[in-house]
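Chemist: need a 3D model of the sequence below.
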Amino acid sequence: MKLKILLTTFAFSGFLFAQDSINVIEEKIEEPKQGPKFKTSLGEIKLNLDESGDKNIKFGLSSQIWLRSIDNNPGTLVNGIPQTSTYDASLRRMRISISAQLSNYYSIVMQLGINNQSFISGGGAGTGANGQGKKPQIFFMDAYNELAIIPRKDEIKKKENKHHLYIGAGLHGWAGVSRMTNASTTKLLTADLPVFNFPNIEVSDQFSRQFGVFVHGEYDKFNYRIAVNKPFATNRNPEVGQIVDNNQSGKLSYAAYGMYQFFDKENTATSFFAGTYLGSKKVFNIGAGFYSNNDATLSQPTEGVFKSHNEFIFGADAFLDMPIGRKAREMSISLYSVFYRYNFGPNYLRTTGLLNPGTADPNFTGTKALEGFGNARFLLGTGNIWYSQAGFVLPKFSDRVKLQPFFAYALKDLEALNEIGNYFDIGANLFILAQNAKVAYQYSSRPLYTQDTKEVFTIRGEHLITLQIAF
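Modeler: Have a look, this model is predicted:
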């Protein structure tokens, strides 16, 4: 019954969203007769600072609203009341991006906003007028300067260079490990990312960003990025037999990712890779990368004995996105597969629950999940994860709308657990104006482990509808 209600809401929301979004995008901004010229498109809002447009300021806005039905883990309280299931609405992401191209060689990039605000989380502490979910603080996700050593465009010939090279510094997301570690959150194939693609998310990074120096560029069909960063400080102390994040020695981190582009080249002016192009490109890339940080975790094998451990993450992936069939039918496929090898030290394990509404019920006497309460799951740990996703754009049935069913699977073989975990996602994207306006539905399953045997004893699920506008 819940699924039927959600699907009905999904379809109705898509219709309303389509009507509103089409009206907004079709409005044109008139150019003033004097002064800077404004341009608008589905991809950006651009303020030109010279006649050529080479000097400019670009603005972007994005909003992702979540509606969910969560099957809670056993023994969950929500707002102090035992609940086996919970409905909620939230702001998953709300962003403002600004980039200033001051010359062909120098630019500034900023992105700010909020993430993960719900009725009970993401805001100020306390109760009453300033409740737990209210008034979250805006913060910077990106804030860096960039210098072109070899720019993409030859300033004299006004043509694209075959090779380019950039160097930058600041709070940035030019990360290593995999394509998905550098994923665009507004061009996803699935309704949301699996999150383990960010190995240090909100631990030693700030929403997958760290402070540091980076280099990125392209040589023919080989694209690459390299970074040397100062991770955010962690100083947890482990109990006996436990391993936790503790980088008090202050070692630098090193990251890199490179990919070979067999067909069309992708636009890498920003650090973010698309999860799907809806067949607008013919792309086949293979890549590999790593992340390394010495003395990143700390364990206490025996009472009073502490030992530091190095973090090393390796990833290898492949991405295919291309049109198929007759051109008039506008069909396409998107395929992505990645293998991660994580090493944080012996038996390291990390849990997460996106916008988790739950807390532990101290009076619960049934079988408790090792993961915890709410929608918590084992995110990652020392061991291996294989993740794959696939999407198919159905044959054209409208001049405005595209429908793309998708499926994703993650296999987690983690050292601290005694059974492999299988995680599934299935859903569909309803694109109203490509990635700029879409509605997505996704059902996700998560296995839960017992506290004693560390084996799977049950499965819980979560229904998600996301409404996105981004440009």
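
Chemist: which residues does the residue nearest to residue 47 when sequence neighbours are not counted contact?
Modeler: Leaving out its chain neighbours, the residue that sits closest to residue 47 by CB to CB, 6 or more residues apart in numbering is residue 57, at 4.6 Å. Any C-beta I mention is one placed from the backbone N, CA and C, and that applies to glycine too. Going by CB atoms under 8 Å, 6 or more residues apart in numbering, residue 57 touches 46, 47, 49, 98, 99, 100, 101.

Chemist: now name the helix or strand holding the first one.
Modeler: The secondary structure element spanning residue 46 is strand 45-48 (assigned by DSSP states H and E).

Chemist: which elements pack onto that strand?
Modeler: Counting contacts by 3 or more CB pairs under 8 Å, 6 or more residues apart in numbering; DSSP states H and E, strand 45-48 packs against strand 38-40, strand 56-71.

Chemist: how about that strand: buried residues?
Modeler: For strand 45-48, the neighbour count (16 or more other CB atoms under 10 Å) marks 46, 48 as buried.

Chemist: chain center to it: distance?
Modeler: A distance of 27 Å separates the centroid of the chain from that of strand 45-48, by CA atoms, centre = their mean, to the nearest Å.

Chemist: CA atoms only: put that strand into CSV for me.
Modeler: What follows is strand 45-48, C-alpha atoms only, in CSV (Å, rounded to 0.1, in the frame of the first residue of the first chain):
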residue,chain,number,x,y,z
ILE,A,45,23.5,32.0,-15.9
LYS,A,46,26.4,34.0,-17.3
LEU,A,47,27.4,37.6,-16.9
ASN,A,48,29.9,38.6,-19.6
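
Chemist: pull up the pairing partners for that strand, direction included.
Modeler: Here strand 45-48 is paired, per DSSP bridges, with strand 38-40 (antiparallel), strand 56-71 (antiparallel).

Chemist: tell me the most buried of those strands?
Modeler: strand 56-71 (a mean of 19; mean count of other CB atoms under 10 Å).

Chemist: may I have that one as PDB, with CA atoms only?
Modeler: The C-alpha trace of strand 56-71 is given here as PDB (Å, rounded to 0.1, in the frame of the first residue of the first chain):
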ATOM      1  CA  ASN A  56      32.700  36.300 -17.100                       C
ATOM      2  CA  ILE A  57      31.000  35.400 -13.900                       C
ATOM      3  CA  LYS A  58      28.800  32.300 -13.900                       C
ATOM      4  CA  PHE A  59      26.000  31.500 -11.400                       C
ATOM      5  CA  GLY A  60      24.300  28.200 -10.700                       C
ATOM      6  CA  LEU A  61      21.500  27.100  -8.500                       C
ATOM      7  CA  SER A  62      20.400  23.700  -7.500                       C
ATOM      8  CA  SER A  63      17.800  22.200  -5.200                       C
ATOM      9  CA  GLN A  64      17.000  18.600  -4.300                       C
ATOM     10  CA  ILE A  65      13.900  17.900  -2.200                       C
ATOM     11  CA  TRP A  66      13.400  14.500  -0.600                       C
ATOM     12  CA  LEU A  67      10.200  12.700   0.300                       C
ATOM     13  CA  ARG A  68      10.800   9.300   2.000                       C
ATOM     14  CA  SER A  69       9.200   6.300   3.700                       C
ATOM     15  CA  ILE A  70      11.800   4.500   5.900                       C
ATOM     16  CA  ASP A  71      11.500   1.000   7.300                       C
END
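
Chemist: pLDDT of that strand, averaged?
Modeler: What strand 56-71 shows for mean pLDDT is 96.

Chemist: where exactly do the strands run in the stretch 151-300 of the chain?
Modeler: Secondary structure of the stretch 151-300 of the chain (DSSP state E, counting those that start in this stretch): strands located at 163-172, 210-219, 222-230, 243-245, 253-261, 283-302.

Chemist: could you point out which of those strands sits nearest residue 440?
Modeler: With CB to CB, the closest approach to residue 440 among the strands of the stretch 151-300 of the chain belongs to strand 283-302: 21.3 Å.

Chemist: give the next helix or strand downstream of that closest one.
Modeler: Toward the C-terminus from strand 283-302 - assigned by DSSP H and E - lies strand 305-324.

Chemist: I'd like the average pLDDT over that following strand.
Modeler: Strand 305-324 comes out at a mean pLDDT of 98.

Chemist: just want the angle from the following helix or strand past that strand to strand 283-302.
Modeler: Sequence order places strand 331-343 as the next helix or strand after strand 305-324, per DSSP H and E. Per axes from the mean of the first three to the mean of the last three CA atoms, to 10 degrees, the angle that strand 331-343 makes with strand 283-302 is 20 degrees.
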